[in-house]
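Colleague: sequence and predicted structure, then a few things I'm wondering about:
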Amino acid sequence: MKGLPLTLWIGAALSAVFALAALVSFLWTPHPVDGMMIASRLQAPSPAHWFGTDHFGRDILSMIMVGARTSIAVAVIAVGMGMALGVPLGLIAAANRGGLVDEIIMRGNDLVFAFPALVIAILITAVFGPSAVNAIIAIGIFNTPVFARVTRGGALSLWTLDYIRAAEVAGKGPARISVEHILPNIANLLIVQGTIQFSLGILAEAALSYIGLGAQPPTPSWGRMLAEAQTMISIAPHMAIIPGLAIVLTVLGLNLMGDGLRDVLDPRVRRAR
Amino acid sequence: MSLIDVQNLSLDIHGTPILRDVSFTLQAGQVFGLVGESGSGKSMTSLALMKLLPEGAQRTGSAVMDGRDLFALNERAMCAVRGNQIGMIFQEPMTALNPVQSIGDQVAETLVIHGAATRREALRVAREKLDRVGLDGARFPLARYPHELSGGQRQRVCIAMAIALRPRLLIADEPTTALDVTTQAQILDLLKGLVEDEGMGMMLITHDLAVVSGIADQVAVMQQGRIVEQGPTEALFRARRHAYTRQLFAASSHIPAREAMAEEAPLLEVLDVVRDYALPRRSLFGPAPSLRAVAGVSLTLKRGESLGLVGESGCGKSTLTRAILGLEAVQAGEIRLDGQPVQAGRRMPPSLRAGVQVVFQDPYGSFNPRHKVARLVAEPFHLAPVDARTARERVAESLDAVGLQPGDMDKYIHEFSGGQRQRIAIARALIIRPKLIVLDEAVSALDVSVRSRILDLLADLQGRYGLSYLFISHDLGVVRAITDRVLVMKAGEIVEEGPTQAVFAAPTHAYTRQLVAATPQIPADWMAPERA
């Protein structure tokens, strides 16, 4: 695999660390995350507790591992939802390019885009109650227009190509052409966008949890860990630094991986390199 | 004294040999033609002179201009030479101009960058140069933008930019290949005039022997990175000493052996077809203006016939083609294939759709890069499904018919050259045994030697499968070689039709005469076989 950009390697490595942590947490964590050990609260990092403990005496490393699970699950499902809705909409818009259906879909997307995502997410969770599921739905809805636009943009340029014309001459309808010829050729765009939306999803989940609208206690979540650390910042700074670093490194890793993938997969960038 | 003297120019890119011992001299006031097929190294030669080579290029040799070796100059000194001493014109005028800058600014920019003039002065010179290339101030003010100009006009702007600083050498890389024949003739005239008036030297890079014969004083023939033959144009063309030169000549005037086998029964009938396009509204109320792309066209194509449709870009031939393929609805008139109406969209029965297939111009855009050849060629089976085994057999048979190996079906399309891809495109059209194949500029993007083989193939397949061809092209030479009858289209209407040889020998319509006159040709007496 020589010749892959360095950013891709670094990004993939960082992302893999957190994905691995999340997977391992299903089987094993250094300490249970739901047991309170008031005696050993607010300990600084030590060999027994690598990242220290919080104000209830819970092991922060264990909470980061289980929190990674929450973050990744929310982001994966939200991106999946955005793709599942956005990609077909984009394909339909491109197949009807210039027509009424195209206008309706894309103007509808603009409408969703026009609202600040986080504010609407707060509204949704405020109405339906705070939970991880509602956070997923909120983030997913705002991923939809992103994928619809990327899909339509990529598909539009493909629709002008001769092989699409040849498929039309072979009697294939727009739906079949979209799935058979368009989708595989814009998959690289979608993978890159998916990686970037994934990192945004993790950020959004952390933000919602921070204000108490995401995953509810006792499920550990990076955003809520930060919120809880707020009042302890002067006596136990590690409580804020560790989850903060986890969020920064995961988002950085995913963004680097997205950029690296774009360099590898997007033929326009590849030619310029 | 010569203007530029290139000696033993050799070039490797990442270890791959590109040029070998290229030597030539260019005189002021002369046109030097560099002829060859794609990949022969013509463009790389010009880029080497400009020192605009891609990364990883290793160059040896010398290019002496004014007693200085260009190859010894550093990048800074070379920047002063580019544009100032050597101007360049590219093939594609549509992308060679910056779309967000006015044409006046773009021409003036060259002068300002080289510190030759103030902006005010530069704009005055720009006006002068645009006048010189035939874009007069009344119709083409400096404030015009590239999108407001046609391809030929844009190429004129490119030429004005290239000559703004009165360079002594002008490199023109396929300057007319992307243009219509009538525009091509005007641009070639302009270039020739510039060389005479300004006393500059011009290096004309082209694949077209006929273009070179009309304009170049000296010519060099390139093959695989070497100049195989060079000399004064007429003498070289008459003698054709090198085998490769003879091969090029034979290929470019090649006429495939075929017999007329047209029956009386019509296969395709087009009756008074009209297609309008709505243009953007100019005012909120009132009807949107429209463009009549096809204005009442009627034509008949007989069974087993080869029919040519000739016209310049924008004449409506593409729209008509799409209508015949059943991809686009028409507003009035009727298209009948085998007596049944051709309609756009789903209403057209698959069996009727299977009667007509198409081969496109661009061998690179014609295939989904993610599918294997077997799947690509089998695509028309969507109209008449067969089981997987039969499909593979038919694909093998079809590939065999176009001169490829059945084993090729498990390869991806990027493994094939342009000519091979065009064969695969023909295999795809052939697989469902259509009655009519529409060839939309199908050989225009190919080198002459590849083109002559594809034309042979088409002639052969026509005999074997009893096919009819509708041959759409702007290239009169190709249409002449392969069609029985020809239609000339202009501004959405058919202006002349008749047997191909008769139409080209004695065109009756003024436009046809203009087309025939504008087509570059090698003087007939040059072509006479030399006495042994």
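Modeller: Looks like it came in fine.
Colleague: from the middle of its chain, how far away would the longest helix seen in chain A be?
Modeller: When chain A is parsed with DSSP state H, its longest helix is helix A:60-95. How far helix A:60-95 lies from its chain's middle: 5 Å, per Cα atoms, centre = their mean, to the nearest Å.
Colleague: what is the rounded mean pLDDT of that helix?
Modeller: Helix A:60-95 carries an average pLDDT of 91.
Colleague: cool, stretch A:149-164 as well?
Modeller: 92.
Colleague: quick one: the helices in the stretch 151-273 of chain A, in order.
Modeller: For the stretch 151-273 of chain A, the helices defined by DSSP state H, counting those that start in this stretch occupy A:162-169, A:174-177, A:183-210, A:222-229, A:238-265, A:267-272.
Colleague: put together CSV for these, with distance to B:Thr183 on each row.
Modeller: Using the backbone N, CA and C atoms, a C-beta is placed for each residue, glycine as well. As requested, these are exported to CSV (distance: least, Cβ to Cβ, whole Å):
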stretch, distance to B:Thr183
helix A:162-169, 24
helix A:174-177, 35
helix A:183-210, 34
helix A:222-229, 64
helix A:238-265, 40
helix A:267-272, 30
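Colleague: nearest to B:Ser444, of the ones you listed?
Modeller: Judged by Cβ to Cβ, the one of the helices of the stretch 151-273 of chain A that comes nearest to B:Ser444 is helix A:162-169, at 12.9 Å.
Colleague: alpha carbons only: can I get the closest one in PDB?
Modeller: Extracted in PDB, the C-alpha atoms of helix A:162-169 (Å, rounded to 0.1, in the frame of the first residue of the first chain):
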ATOM      1  CA  ASP A 162     -21.900   8.800 -23.300                       C
ATOM      2  CA  TYR A 163     -22.200   5.600 -21.300                       C
ATOM      3  CA  ILE A 164     -25.400   6.900 -19.700                       C
ATOM      4  CA  ARG A 165     -26.600   7.700 -23.200                       C
ATOM      5  CA  ALA A 166     -25.700   4.100 -24.200                       C
ATOM      6  CA  ALA A 167     -27.700   2.700 -21.300                       C
ATOM      7  CA  GLU A 168     -30.700   4.800 -22.300                       C
ATOM      8  CA  VAL A 169     -30.400   3.400 -25.800                       C
END
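Colleague: which other helices and strands contact it?
Modeller: Here helix A:162-169 touches helix A:174-177, strand B:356-359, going by 3 or more Cβ pairs under 8 Å, 6 or more residues apart in numbering or on different chains; DSSP states H and E.
Colleague: check those for me and report the most buried one.
Modeller: strand B:356-359 (a mean of 26; mean count of other Cβ atoms under 10 Å in any protein chain shown).
Colleague: and the contacts of stretch A:8-26?
Modeller: Under the criterion Cβ atoms under 8 Å, 6 or more residues apart in numbering or on different chains, residues A:62, A:64-66, A:68-69, A:72, A:246, A:249-250, A:252-261, A:263-264 lie in contact with stretch A:8-26.
Colleague: among the residues you listed, which ones are buried?
Modeller: Using 16 or more other Cβ atoms under 10 Å in any protein chain shown as the burial test, these include A:62, A:64-66, A:68-69, A:72, A:246, A:250, A:253-261, A:263-264 as buried.
Colleague: once you drop chain neighbours, what's closest to A:Val251?
Modeller: Of all residues beyond its chain neighbours, the one nearest A:Val251 is A:Ser199 (4.5 Å), with distances taken as Cβ to Cβ, 6 or more residues apart in numbering or on different chains.
Colleague: number of nearby residues for that neighbour?
Modeller: Applying other Cβ atoms under 10 Å in any protein chain shown, we find 23 residues neighbouring A:Ser199.
Colleague: ditto for A:Ala19
Modeller: With neighbours defined by other Cβ under 10 Å, the count for A:Ala19 comes to 16.
Colleague: can you classify it by secondary structure?
Modeller: Using DSSP: H, G, I helix; E, B strand; the rest coil, the structure places A:Ala19 in helix.
Colleague: do I have it right that A:Ile211 meets A:Ile122?
Modeller: Yes: using Cβ atoms under 8 Å, A:Ile211 is in contact with A:Ile122, at 7.2 Å.
Colleague: so where's chain A shaky on pLDDT?
Modeller: Where chain A drops to pLDDT under 70, the residues are A:1-3, A:266-273.
Colleague: and it, which residues reach chain B?
Modeller: A:161-163, A:165-173, A:181, A:184-185 (Cβ under 8 Å from any Cβ of the partner chain).
Colleague: buried subset of these as a ChimeraX selection?
Modeller: Entered in ChimeraX, the line below selects the buried ones among these, by 16+ other Cβ under 10 Å:
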select /A:161,162,163,165,166,167,168,169,170,171,172,181,185
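Colleague: nearest to B:Gln514 among the residues of chain A next to chain B?
Modeller: Out of the residues of chain A next to chain B, the member with the shortest distance to B:Gln514 (by Cβ to Cβ) is A:Asp162, at 30.2 Å.
Colleague: hmm, the closest one is touching B:Phe360, no?
Modeller: Yes: between A:Asp162 and B:Phe360 there is a contact under Cβ under 8 Å: 4.0 Å.
Colleague: identify the contacts common to those two.
Modeller: Residues touching both A:Asp162 and B:Phe360 (Cβ under 8 Å, 6+ apart) are B:Ser366.
Colleague: for the stretch 101-250 of chain A, which residue gets nearest to chain B?
Modeller: Using Cβ to the nearest Cβ, the single residue of the stretch 101-250 of chain A nearest to chain B is A:Asp162, 4.0 Å away.
Colleague: OK, contacts around that residue?
Modeller: Contacts of A:Asp162 (Cβ under 8 Å, 6+ apart): B:360-362, B:365-366.
Colleague: would you format these as JSON lines with secondary structure included?
Modeller: Compiled in JSON lines, these are given as follows (three-state DSSP):
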{"residue": "B:Phe360", "secondary structure": "coil"}
{"residue": "B:Gln361", "secondary structure": "coil"}
{"residue": "B:Asp362", "secondary structure": "coil"}
{"residue": "B:Gly365", "secondary structure": "coil"}
{"residue": "B:Ser366", "secondary structure": "coil"}
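Colleague: give me the buried subset of these.
Modeller: B:360-362, B:365-366.
Colleague: of the residues you listed, closest to A:Ile105?
Modeller: For those, the nearest to A:Ile105 is B:Gly365 (26.7 Å; Cβ to Cβ).
Colleague: quickly note the distance from B:Gln224 to chain A.
Modeller: Distance, B:Gln224 to chain A, using Cβ to the nearest Cβ, to the nearest Å: 25 Å.
Colleague: tell me if I'm right that that residue and B:Gly41 touch.
Modeller: Yes: applying Cβ under 8 Å, one finds B:Gln224 in contact with B:Gly41, separated by 7.4 Å.
Colleague: more neighbours, those two?
Modeller: B:Gly41 (25 against 15).
Colleague: so how far is B:Ile215 from that one?
Modeller: From B:Gly41 across to B:Ile215, the span is 21 Å (Cβ to Cβ, to the nearest Å).
Colleague: nearest residue to A:Thr53 other than its sequence neighbours?
Modeller: Nearest one to A:Thr53, counting by Cβ to Cβ, 6+ apart, is A:Gln43 at 4.5 Å.
Colleague: can you name the residues that contact the residue lying closest to B:His242 once chain neighbours are set aside?
Modeller: Nearest residue to B:His242 in three dimensions, chain neighbours excluded: B:Glu229, at 4.2 Å (Cβ to Cβ, 6+ apart). Shown in contact with B:Glu229 (Cβ under 8 Å, 6+ apart): B:220-221, B:236, B:241-242, B:244-245.
Colleague: thanks a lot, catch you later.
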